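**Student:** give the three-dimensional model of this entry:
(2 chains)
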Amino acid sequence: GQSLEQPSEVTAVEGAIVQINCTYQTSGFYGLSWYQQHDGGAPTFLSYNALDGLEETGRFSSFLSRSDSYGYLLLQELQMKDSASYFCVLTGANNLFFGTGTRLTVIP
Amino acid sequence: GAVVSQHPSWVICKSGTSVKIECRSLDFQATTMFWYRQFPKQSLMLMATSNEGSKATYEQGVEKDKFLINHASLTLSTLTVTSAHPEDSSFYICSASGTQSSYEQYFGPGTRLTVT
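**Tutor:** Numbers count the residues shown, from 1 in each chain, chains lettered A, B, ... in the order given. The predicted structure follows:
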C-alpha cells in the first residue's frame, strides 16, 4: 500500500518562511506533487517533483529525496492568503494519492 | 484554460433518494476523470476513476452499485449516489488530468451533499 505523513497543523508569521515536511511509503510512483486547498474550495496544483532536488516556482519551492522517501514544500514571504491546507501527493501514471494534509495558519 | 465545473455546488436530499452530480471539463477533453470524497478537515479519498466510454474503476471499499459513475463524453462524467443515507453526506470533488501533463490534475469546485 501507500502512505504519506505530514504534520497536521503549522502556524507561521506573515512574511516568514515555513517548511512543510512529507514522508512517504510506496512501492512505486512517478513523482511527488503538492496541492493547496482553501476551506470549502477545490485543490489547486502547486508543484511537482519527478526527480530528486529542488523545484522553484515563485514563492513556493518543493524538494524530493527518493532515497530518503522524503519531500517538503517551502513557502517564502508568507502572506495571509497562504492560510490553507497543503497536501503532499504521490503521483502515478494517471492517479493521485493524497496525504493527510497540513493546515497552515498565517498570523500577523 | 483547464477549467473543471461541477453541478450542483450543494444539494440536500432525503434519505433513500438518489442524487446526480455532474463534472464537466469546460475547455479541454478529459479521457479520464476522477471522483474523490472529502470529509471535513480530512484528506481527499479517491473513490473511482472514470474512463470515457468504458466502466469506471472503483477503489477498494467503494460500492459500485451505490456510487454509479458514467463518463458518456470526453467532457462529462456523472456520479449518482443511489439510495442516499446520512452517512453519505460529504464533499464530493471531481478532477481531470490536463492536456499538457499527466501529473497535474484540475479539480472542480466540489459538491456538498447533505442527506437528511
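
**Student:** from now on I want contacts and neighbour counts done on CA atoms only, so please keep to that.
**Tutor:** OK.

**Student:** for the residue nearest in space to the middle of chain B, pull up the helix or strand it's in.
**Tutor:** Centroid-nearest residue in chain B: residue B:35, 3.6 Å away (criterion: Cα atoms, centre = their mean). Residue B:35 is part of strand B:32-38, with elements assigned from DSSP states H and E.

**Student:** and the gap between the residue nearest to the centre of chain B and residue A:63?
**Tutor:** Separation of residue B:35 from residue A:63 (Cα to Cα, to the nearest Å): 28 Å.

**Student:** same deal with residue A:48?
**Tutor:** Note on residue A:48: its distance to residue A:63, by Cα to Cα, is 9 Å.

**Student:** find residues that contact each of the two.
**Tutor:** Counting by Cα atoms under 8 Å, 6 or more residues apart in numbering or on different chains, the shared contacts of residue A:48 and residue A:63 are residue A:55.

**Student:** show me what from chain A comes close to chain B.
**Tutor:** Taking Cα under 8 Å from any Cα of the partner chain as the test, the list of chain A residues beside chain B reads A:33, A:41-45, A:48, A:87, A:91-101.

**Student:** can you map out the strands along chain A?
**Tutor:** Ranges of strands within chain A are A:3-5, A:9-13, A:18-25, A:31-37, A:44-49, A:53-57, A:60-65, A:70-75, A:84-91, A:96-98, A:102-107, based on DSSP state E.

**Student:** columns distance to residue B:76, mean neighbour count and mean pLDDT on top of the ones you listed, output as JSON lines?
**Tutor:** Conversion of the strands of chain A to JSON lines gives the following (distance: least, Cα to Cα, whole Å; neighbours: other Cα atoms under 10 Å in any protein chain shown; pLDDT from 0 to 100):
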{"stretch": "strand A:3-5", "distance to residue B:76": "31", "mean neighbour count": "17", "mean pLDDT": "92"}
{"stretch": "strand A:9-13", "distance to residue B:76": "36", "mean neighbour count": "15", "mean pLDDT": "97"}
{"stretch": "strand A:18-25", "distance to residue B:76": "33", "mean neighbour count": "19", "mean pLDDT": "97"}
{"stretch": "strand A:31-37", "distance to residue B:76": "23", "mean neighbour count": "23", "mean pLDDT": "95"}
{"stretch": "strand A:44-49", "distance to residue B:76": "20", "mean neighbour count": "20", "mean pLDDT": "93"}
{"stretch": "strand A:53-57", "distance to residue B:76": "32", "mean neighbour count": "14", "mean pLDDT": "94"}
{"stretch": "strand A:60-65", "distance to residue B:76": "33", "mean neighbour count": "21", "mean pLDDT": "97"}
{"stretch": "strand A:70-75", "distance to residue B:76": "33", "mean neighbour count": "21", "mean pLDDT": "97"}
{"stretch": "strand A:84-91", "distance to residue B:76": "23", "mean neighbour count": "25", "mean pLDDT": "95"}
{"stretch": "strand A:96-98", "distance to residue B:76": "20", "mean neighbour count": "22", "mean pLDDT": "90"}
{"stretch": "strand A:102-107", "distance to residue B:76": "32", "mean neighbour count": "19", "mean pLDDT": "97"}
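
**Student:** how about the ones you listed, which one is nearest residue B:116?
**Tutor:** strand A:31-37 (27.2 Å; Cα to Cα).
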